[in-house]
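pasting a predicted model and its sequence here:
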Amino acid sequence: MANICSFVCVLIVAVDVAAGVLSIEAEIAKDEVTHKRLKDFKCEEPNDRAFKFGLAAATLLGLAHITEDLVGGCMCMCFTEELERSSSSRQLWFACIIVSWIVVAIGFPTLVVGMLENSKSKGSCWTLPHHFLFIGGICCFIHGLLCVAFYVSASVSFVNGRIHGPQEGQYP
């Protein structure tokens with residue numbers, strides 16, 4: 001089970017890094033079109049490449065988060081006794097889950113807004129000055145780091161519970 005979880009953790013981090021890189025590439029592509037517009041003083045179509053990169057980044061972030069939650073749920077169901085034995089690792093584990101949800105709650109809508117900014121259905125050439133795609137990319141990287149912290153805290157909790165057994169005074 002540990003090998004499967006570590007493989008899934010590495011896979012989630014790779015997906016998060018790919019999402020972060022794609023969103024930063026989308027931001028760069030959006031900025032290239034914006035600079036051309038300012039130079040030529042004419043209105044062009046929104047950048048299709050930035051839209052596709054933003055869509056891919058948002059999809060990958062969602063996929064990574066769903067996978068992380070599924071692995072976390074399986075670990076929680078399979079190792080309930082071990083989690084109850086180590087309170088500090090359990091607190092770190094739950095903190096990682098909560099912060100991960102917060103990061104995704106910020107990152108996913110940010111990527112979607114940045115993506116929709118480059119949508120072909122826009123009627124005007126006006127672009128928002130905010131760097132939504134870049135902020136979403138940073139959230140992707142943070143989500144990957146939280147996944148590693150989540151996995152390490154859960155693994156330490158399980159290993160400590162198996163090696164040391166229950167602590168004195170924890171059970172009546």
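Cool, the structure landed.

what's the following helix or strand after the top helix by length along the chain?
When the chain is parsed with DSSP state H, its longest helix is helix 2-40. Counting by DSSP states H and E, the next helix or strand C-terminal to helix 2-40 is helix 48-78.

buried sites along that next one?
50-62, 64-65, 67-68, 71-72, 75 (16 or more other CB atoms under 10 Å). No exception for glycine: its C-beta is placed from N, CA and C like everyone else's.

least trustworthy helix or strand in the protein by mean pLDDT?
helix 80-85 (a mean of 61; mean pLDDT, DSSP states H and E).

what element comes up after it heading to the C-terminus?
Using DSSP H and E, the first helix or strand after helix 80-85 is helix 87-117.

quick check: buried residues in that following helix?
Neighbour-count burial for helix 87-117 flags 89-90, 92-93, 96-97, 99-100, 103-104, 106-108, 110-117 (criterion: 16+ other CB under 10 Å).

can you name every helix or strand that it contacts?
The contact analysis (3 or more CB pairs under 8 Å, 6 or more residues apart in numbering; DSSP states H and E) places helix 87-117 against helix 2-40, helix 48-78, helix 80-85, helix 132-164.

what about 6 Å?
Here helix 87-117 touches helix 48-78, helix 132-164, going by 3 or more CB pairs under 6 Å, 6 or more residues apart in numbering; DSSP states H and E.

show me the shaky parts of this protein.
Counting by pLDDT under 70, the chain shows low-confidence ranges at 1-2, 33-46, 73, 75-86, 120-129, 157-172.

try it again with 80
1-5, 31-47, 71-91, 93-94, 118-130, 153-172 (pLDDT under 80).
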